[in-house]
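how would this look folded up:
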Amino acid sequence: MATPDDDRPQWRVTRGRSLRRVAAVRGRGQRPELRLTTILLDLGGVVVPTLFEVVDDPTFPRGPFGDDERYAGVEQGRLQEREYWAELASARPHLDIGEFMRTCLTVREEIRGLLRDVGGRVRIAALTNDMAHWFGTEWPHRFPEFGQFDLLLEAARFGVLKPDPSVFRWALSRLDERPQSCLFVDDLPSNLGGAEAVGMQVEHFAVGDPVGSVRRILDRVGIAPGPSCAPRVFRPTRMEF
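As a prediction, this is how the structure comes out:
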């Protein structure tokens, strides 16, 4: 006999079964049901640190850690990050921003822990503006941890950048997800506004407190920090270009 699961994509079937099991556990007075089913992470600043955190050069700007009026414009959505770095490179040509990007950045240890803790119980995807600008078209293979994401999305390929709300509607269509079931995480407050405009839940990632930021993300989806042996329930990583 056919069941309601039969006409749905396999990852939705598996997720539905997982959530029903969680609901049964909740009925026995244990962990609450997971309401958020997708975590959508920004890459630069969230998954990988900002250059302000890793460049060992006393002349380098402080960005969110200091009095940087131009970077405040980025945080407020008045200036794109690419424009900010282009201005800096023009004003201080001895600073090779592209080289810093390619040699100083690695995935945050806290995000590695997040990927382990989620363990496939919640789908995890990424929405970046334009990683290809710095790393080339092969950027999805730049860091091995990207292979643990269920979906990688680059807004520049869509033709509009965050925080434009249309980017988030596009991401939801690629994810085949309801906005209220998706938690979007970004270090730039202006980008969170674009996600909220389409109904997503949001969490600000404080670059000065990555441990606390990851803890808040896990709290939002009802997962306690710690190693997880749960099998992945979603499809292997897909890149949307």
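
Only the buried residues of stretch 80-88, if you could.
Buried residues in stretch 80-88, counted by 16 or more other CB atoms under 10 Å: Gln80, Glu81, Tyr84, Trp85, Leu88. Where you see a C-beta, it was placed from the backbone N, CA and C, and this is true even at glycine.

what does stretch 43-62 give?
So stretch 43-62, judged by 16+ other CB under 10 Å, has buried residues 43-53, 55, 60-61.

excluding its backbone neighbours, what's nearest His84?
Slight slip there: residue 84 is Tyr, not His. In space, and not counting its chain neighbours, Tyr84 is closest to Val74: 5.1 Å by CB to CB, 6 or more residues apart in numbering.

distance of Ala156 from Val214?
27 Å (CB to CB, to the nearest Å).

average model confidence for the helix or strand where Trp134 lies?
According to DSSP states H and E, Trp134 maps onto helix 132-135. Averaged over helix 132-135, pLDDT sits at 90.

Also stretch 79-93?
Per-residue pLDDT over stretch 79-93 has a mean of 93.

what residues does the helix or strand in which Ile217 is found touch?
Using DSSP H and E, Ile217 sits in helix 210-221. Contact with helix 210-221 is made by 34, 36, 39, 49, 108, 110-111, 113-114, 117-118, 122, 183, 185, 201, 203-206, 224-225, as judged by CB atoms under 8 Å, 6 or more residues apart in numbering.

mind listing what's buried in that helix?
By 16+ other CB under 10 Å, the buried positions in helix 210-221 come out as Pro210, Ser213, Val214, Arg215, Ile217, Leu218, Arg220, Val221.
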